[in-house]
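The following comprises the amino acid sequence and a computationally predicted model.
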Amino acid sequence: MKLLNTYEDRDDAEDASQKLIGEKRLASERDATVVIYNLFGIPNWGNFHRLGMYNLTELKLLLESRADWQLADQARYVEIITTLKTVSKNYGIEVPAHWL
């Protein structure tokens with residue numbers, strides 16, 4: 001398990017925890033008067049998508065309309081893929097070939 005995301009609101013953190021598949025843990029941490037909730041889980045693209053992270057929903061829509069891309073769509077695709085390549089290195093997971 002690895003840290004997937006942090007939340008400032010307990011309800012948001014608990015909602016996110018319910019979306020994850022597989023092993024997960026929610027831990028709180030206090031710094032002065034602020035409480036932060038750390039969500040730990042299995043780092044995979046499915047869990048990231050369920051959490052709404054890394055623009056995966058937008059990527060899905062872009063890939064569905066790949067034949068009709070404009071220059072702005074191509075630029076946005078490159079931005080998202082660049083981010084996903086960094087995420088893949090940080091978590092030791094591969095970007096699926098059909099996304100590239």
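Ah, there it is.

Centre of the protein to the edge, which residue is at the far end?
Distance from the C-alpha centroid of the chain, by CA atoms, centre = their mean, peaks at residue 32 (28.4 Å).

And that residue, how close does it get to residue 26?
Applying CB to CB, to the nearest Å, the value for residue 32 to residue 26 is 21 Å. (C-beta placed from N, C-alpha, C; glycine too.)

try residue 42
For residue 42, the distance to residue 26 - CB to CB - is 14 Å.

how does this structure divide into domains?
Using automatic domain parsing, the domain parsing of the chain gives 1-42, 54-100.

Can you lay out these as CSV showing mean pLDDT and distance to residue 48?
Formatted as CSV, these follow (pLDDT from 0 to 100; distance: least, CB to CB, whole Å):
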stretch, mean pLDDT, distance to residue 48
domain 1-42, 94, 7
domain 54-100, 95, 6
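
Could you pull out the helices in this protein for me?
With DSSP state H as the criterion, the chain has helices at 10-19, 45-50, 56-64, 71-91.

Quick check: buried residues in the first one?
Residues of helix 10-19 classed as buried by neighbour count (16 or more other CB atoms under 10 Å): 13, 16-17.

which helices and strands does that helix pack with?
strand 2-7, strand 24-31, strand 34-41 (3 or more CB pairs under 8 Å, 6 or more residues apart in numbering; DSSP states H and E).

again, but for the shortest one
Counting contacts by 3+ CB pairs under 8 Å, 6+ apart, helix 45-50 packs against helix 56-64.

Send me the helix it packs on as PDB with only the CA atoms.
Below are the C-alpha coordinates for helix 56-64, written out as PDB (Å, rounded to 0.1, in the frame of the first residue of the first chain):
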ATOM      1  CA  LEU A  56      -8.200  10.000 -16.300                       C
ATOM      2  CA  THR A  57     -11.800  10.700 -17.100                       C
ATOM      3  CA  GLU A  58     -10.800  13.400 -19.500                       C
ATOM      4  CA  LEU A  59      -8.200  11.100 -21.100                       C
ATOM      5  CA  LYS A  60     -10.900   8.500 -21.700                       C
ATOM      6  CA  LEU A  61     -13.100  11.000 -23.500                       C
ATOM      7  CA  LEU A  62     -10.100  12.200 -25.600                       C
ATOM      8  CA  LEU A  63      -9.300   8.600 -26.600                       C
ATOM      9  CA  GLU A  64     -12.900   7.900 -27.600                       C
END
